[in-house]
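# Can you look at this prediction? I've put the sequence above it.
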Amino acid sequence: METIGSPMLWGAFAAFVVVALLVDLVLMRHGGPHKVTFKEAAWWSLGWIVLALLFNAGLWWWLSQQAGAEVGNRIGLEFLTGYLVEKSLAIDNIFVFLMLFSYFAVPEEQRQRVLVIGVLGAIVLRAVLIFAGALLLAKFHWILYVFGAFLVITGVKMLLAAGKAPDLDNNPVLKWMRGHLRLTDEYHDSKLSILREGQRWYTPLFAVIVLIGVTDVIFAVDSIPAIFAITDDPFIVLTSNVFAVLGLRAMFFLLQGMADRFHLLPYGLALVLVFIGTKMLLIDIYKVPILVSLLGVAAIIGTSVALSLLKPAPAKPDSGAA
């Protein structure tokens, strides 16, 4: 596997991620479990984006000095494009998290804990899948076509499903848990399980965490092929993914009150997958320039957001959580 990631770069990035996670866990949890305000989430979201852009600029500068301006410009654009793609797809995670929290009526003070687990799980899964994907691509070039077809099919499915409310009652994982585990109807603080008359019962918080984990797996499988359409360098693939995921928790609290305003965004995300998948399928016929990919993804996401704001979604009838 060819990569610009030297041992020094890998070590520095790993150290940064550990420090960033510790700072995030400590500062966002100051005062104990609490409801994160819009202002707090906005500042944290902005902070994560600025950190990603500073890393991008630092990587560009370092490579320009070490390997020349051409390499620095190419890698810098690859990281920025990969980050934008992964950040956009991470929004889909947030929509699913919102749906799960609403369905299970997760208390505000417990949402941070669930999101921490979700973010950590997403980082670990992406790291494993990225290195597995890089090894496969290094040995089998035709895997690119499999990834491309998978993205196009997934994008089309998302287009057909956009605007439709998912039926969680028929979710196979939830149905399995309800059929094989004793689930309580009420929360017991932050406990995942309790003993009741000598029997182990699992709380709704346990069910939410399991479903968040399954969601992480599904979205990792979707997003990893997308980033390999931008670059096959494992260092750029992993760093752009991790930076996109690191701000996921803050972005959740930022968007949780505005999700309905961006009702057309799922269509945009689906089109991004179709666009990236088509780009991957055409790679041996015509290699789409990185700058075109960056502008294309930005245009799709920007248009879907703008149209959502210009044409608000029709009001939904009230529905209680299950």
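That came through, no problem. Numbering: from 1, shown residues only.

# host element of the residue most central in space within the chain?
For the chain, the residue sitting closest to the mean C-alpha position, by C-alpha atoms, centre = their mean, is Ala90 at 2.8 Å. Ala90 is part of helix 69-103, with elements assigned from DSSP states H and E.

# related to what we said a few turns ago, distance check, the residue nearest to the centre of the chain against Ala250.
11 Å (C-beta to C-beta, to the nearest Å). Every residue, glycine included, has its C-beta placed from N, CA and C.

# Now do whichever strand or helix holds Ala134 against helix 69-103, angle only.
Assigning secondary structure by DSSP H and E places Ala134 in helix 108-139. Going by axes from the mean of the first three to the mean of the last three C-alpha atoms, to 10 degrees, helix 108-139 is angled at 140 degrees with respect to helix 69-103.

# same for helix 108-139, what does it pack against?
helix 7-27, helix 69-103, helix 143-161, helix 204-228, helix 234-246, helix 248-255 (3 or more C-beta pairs under 8 Å, 6 or more residues apart in numbering; DSSP states H and E).

# deepest of those, which one?
helix 234-246 (a mean of 25; mean count of other C-beta atoms under 10 Å).

# Check what pLDDT Gly163 gets.
Note on Gly163: pLDDT of 68.

# and if you look at Pro33?
We have a pLDDT of 55 for Pro33.

# swap in the one 5 residues further on?
The per-residue pLDDT reported for Phe38 equals 74.

# That one: neighbour count?
13 (other C-beta atoms under 10 Å).

# how close does it get to Phe97?
Distance from Phe38 to Phe97, by C-beta to C-beta: 17 Å.

# got it, and Ile290?
Distance, Ile290 to Phe97, by C-beta to C-beta: 31 Å.

# tell me which residues in stretch 287-295 are buried?
Neighbour counts using 16 or more other C-beta atoms under 10 Å place 288, 290, 293-294 of stretch 287-295 among the buried residues.

# now, which of the residues you listed sits nearest Gln112?
Lowest distance from Gln112 to the buried residues of stretch 287-295 (C-beta to C-beta) belongs to Leu294, with 32.8 Å.

# mind listing what the closest one touches?
Leu294 makes contact with 77, 80-81, 84, according to C-beta atoms under 8 Å, 6 or more residues apart in numbering.

# That one and Leu53: what is the separation?
As defined by C-beta to C-beta, Leu294 lies at a distance of 14 Å from Leu53.

# With Leu248 instead?
In terms of C-beta to C-beta, Leu248 sits 17 Å off from Leu53.

# go on, Ile130?
21 Å.

# More neighbours: those two, which one.
Each of Ile130 and Leu53 has its neighbours counted (other C-beta under 10 Å); Ile130 has more, 21 against 14.

# Give the ranges of residues in the stretch 101-250 of the chain that sit below the confidence cut-off.
Filtered on pLDDT under 70, the stretch 101-250 of the chain yields the residue ranges 163, 165-166.

# who's in contact with the spatially closest residue to Phe219 that is not a sequence neighbour?
Spatial nearest neighbour of Phe219, excluding adjacent residues (C-beta to C-beta, 6 or more residues apart in numbering): Asn93 at 5.3 Å. Each residue near Asn93 by C-beta under 8 Å, 6+ apart is listed here: 118, 122, 215-216, 219, 248.

# Can you give me the pLDDT of Asn93?
With respect to pLDDT, Asn93 scores 77.

# next one: Val26
We note a pLDDT of 69 for Val26 in this prediction.

# cool, and Asn56?
The predicted structure scores Asn56 at 92 on the pLDDT scale.

# Show me what counts as buried in the helix or strand where it lies.
According to DSSP H and E, Asn56 maps onto helix 38-67. Neighbour-count burial for helix 38-67 flags 40-41, 44-45, 47-49, 52, 55-56, 59-60, 63-64 (criterion: 16+ other C-beta under 10 Å).

# name the helices or strands packed onto it?
Using 3+ C-beta pairs under 8 Å, 6+ apart, the elements in contact with helix 38-67 are helix 7-27, helix 69-103, helix 234-246, helix 248-255.

# run the last query once more with 6 Å
Applying 3 or more C-beta pairs under 6 Å, 6 or more residues apart in numbering; DSSP states H and E, one finds that helix 38-67 contacts helix 69-103, helix 248-255.

# Out of the ones you listed, which gets nearest to Ala20?
Closest of those to Ala20 is helix 248-255, at 11.8 Å (criterion: C-beta to C-beta).

# Render the CA-only coordinates of that closest one in CSV, please.
Only the C-alpha atoms of helix 248-255 are listed here, as CSV (Å, rounded to 0.1, in the frame of the first residue of the first chain):
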residue,chain,number,x,y,z
LEU,A,248,-20.5,13.9,15.2
ARG,A,249,-21.6,14.3,18.8
ALA,A,250,-21.5,18.1,18.7
MET,A,251,-23.2,18.2,15.4
PHE,A,252,-26.0,16.0,16.7
PHE,A,253,-26.9,18.6,19.4
LEU,A,254,-26.6,21.3,16.9
LEU,A,255,-29.0,19.8,14.4
